[in-house]
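# need a structure here:
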Amino acid sequence: MRGEFYSWIILTFAAVVMAGILGAVIAAGLITRKKKKYYMPTGFHAGSQLGAVYARPPETVQDTQTSVLGESPAETGCLDTGFACPCAMLIRRKTGERSDVKRPLFLIGKERQRADFWIADNEAVSRIHAGIVCKGDEYYLIDRNSTNGTYLNERRIESGQEVLLKPGDRIKLADEELDFWL
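Got it, this is the predicted structure:
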């Protein structure tokens, strides 16, 4: 009889603990019945938003390609691109975060509402610092009148000037370094 009583207490205690954990998980938003409006941002690290690079919400971006990761960035490719240009990728050197270039005009900067590649934690980067333009099967880097300049392979480019990008090129926005890969 005493053993059954202790078993009942242990089971009750375990049920209360599990209910508390489930309640905390639901409160944290990890489990929800509602369909989320926005997907998990690219480069998001749980518990910290420093250094995060965010993509636009799905309402404004149609995800029409899938990256196929290889052993190195040069071996990475895309499936089913949504526009005529080949798949391209930017890799942020500081954090290793990656972003596919999915638009004919791909904007980079710290203004969350307009940038396709959002660099949240660098005050030296302008709101819309630079852009990558796709023409035919080639990509061009363009400075968008940034305050601290845009550099391609350590050479400053003039504002508004389009410069051809090649795989492995190093893009520098003020003091923020990115690698470009096809």
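# partner strands of the helix or strand containing L107, with direction?
Applying DSSP states H and E as the criterion places L107 in strand 105-109. Its sheet considered, strand 105-109 pairs with strand 117-119 (parallel), strand 130-135 (antiparallel) by DSSP bridges.
# angle of whichever helix or strand comes after the longest one against strand 105-109?
Spelled out, that is strand 130-135. Proceeding N to C from strand 130-135, the next assigned helix or strand is strand 138-143, under DSSP H and E. Here strand 138-143 points in a direction 40 degrees away from that of strand 105-109 (axes from the mean of the first three to the mean of the last three CA atoms, to 10 degrees).
# name the residues of strand 138-143 that come out as buried.
By neighbour count on 16 or more other CB atoms under 10 Å, the buried set for strand 138-143 is Y139, L141, I142, D143. In this view, the C-beta of every residue, glycine as well, is placed from N, C-alpha and C.
# could you look up the SS state of I9?
helix (DSSP: H, G, I helix; E, B strand; the rest coil).
# for C134, see how far away it is.
The gap separating I9 from C134 is 67 Å, by CB to CB, to the nearest Å.
# ok, the closest residue in space to E162 that isn't next to it in sequence - contacts?
Excluding the flanking residues, the one nearest E162 by CB to CB, 6 or more residues apart in numbering is Y140, at 3.9 Å. For Y140, the contact set (CB atoms under 8 Å, 6 or more residues apart in numbering) comprises I132, V133, C134, E162, V163, L164, L165.
# just the buried members of those residues?
I132, V133, C134, E162, V163, L165.
# could you redo the residues you listed as JSON lines and give each row pLDDT and distance to A115?
Below are the buried ones among the contacts of Y140 laid out as JSON lines (pLDDT from 0 to 100; distance: CB to CB, whole Å):
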{"residue": "I132", "pLDDT": "96", "distance to A115": "12"}
{"residue": "V133", "pLDDT": "95", "distance to A115": "15"}
{"residue": "C134", "pLDDT": "93", "distance to A115": "17"}
{"residue": "E162", "pLDDT": "95", "distance to A115": "19"}
{"residue": "V163", "pLDDT": "97", "distance to A115": "20"}
{"residue": "L165", "pLDDT": "97", "distance to A115": "18"}
